[in-house]
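>>> sequence first, predicted model second:
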Amino acid sequence: MKSIIFSLLAVLTLWSCKDKSSNQEPEAETTAEIAYASFGDEISDADALSSTQMTEVYNNLKIGDTVYTKVIAKVEEVCQSKGCWMRLNLEDDKEIMVKFKDYGFFMPKNIAGMDVIVNGKAFVNEMPVDELRHYAEDAGKSTEEIAEITEPKRTYSFEADGVLIKE
């Protein structure tokens, strides 16, 4: 009897420890009759701010302020190394630098120009030169373009815990 219980516990333990990371294919989700590919935590498209509304939110934040929100915007650029970050368009030629919570999931590299809904923490920070150069390198910029980066930049940042991509 003890061996049966022990075996059952071992099987349940192994099953509960299986990897549920980003190696899985994105789940297709339908919200309000729109099909989405879902990455990270499960989210919905309800109450997402437009890029215009999000620009206003960022304009009212100071460095160090954080707000938990959801926004819909167009993807400008995705890390071509792993899909570990993306930039979203805002109004007035501004953009959001999006990274993913706990490095827990990645984006497809071919989604530039597509609309996405991101959920998570929006904040303003100052990005140092070495980090700006790293992202420029990931984006495939030339050596000359990377060398031109000489000053830190105030950035609109976002740590996403979930992302929906319209299919």
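Structure received. Numbering: from 1, shown residues only.
>>> which residues touch the helix or strand residue 144 falls within?
Assessed by DSSP states H and E, residue 144 sits inside helix 143-147. For helix 143-147, contacts defined as C-beta atoms under 8 Å, 6 or more residues apart in numbering pick out 133, 136-137. Backbone N, C-alpha and C define where each C-beta goes, glycine included.
>>> for the chain, what spans make up the helices?
Residue ranges of the helices in the chain, as given by DSSP state H, are 2-16, 51-59, 129-138, 143-147.
>>> give me the buried positions along the last one.
For helix 143-147, a neighbour-count test (16 or more other C-beta atoms under 10 Å) marks nothing as buried.
>>> now swap in stretch 140-156 and tell me
149, 155-156.
>>> picking up where we left off before, lowest mean pLDDT across the helices of the chain, which one is that?
Sorting the helices of the chain by mean pLDDT places helix 2-16 lowest, at a mean of 42.
>>> what about the strands in this structure?
Under the criterion DSSP state E, the chain carries strands at the ranges 27-31, 34-40, 66-78, 85-89, 95-100, 115-127, 153-166.
>>> nearest to residue 142, of these?
strand 66-78 (15.1 Å; C-beta to C-beta).
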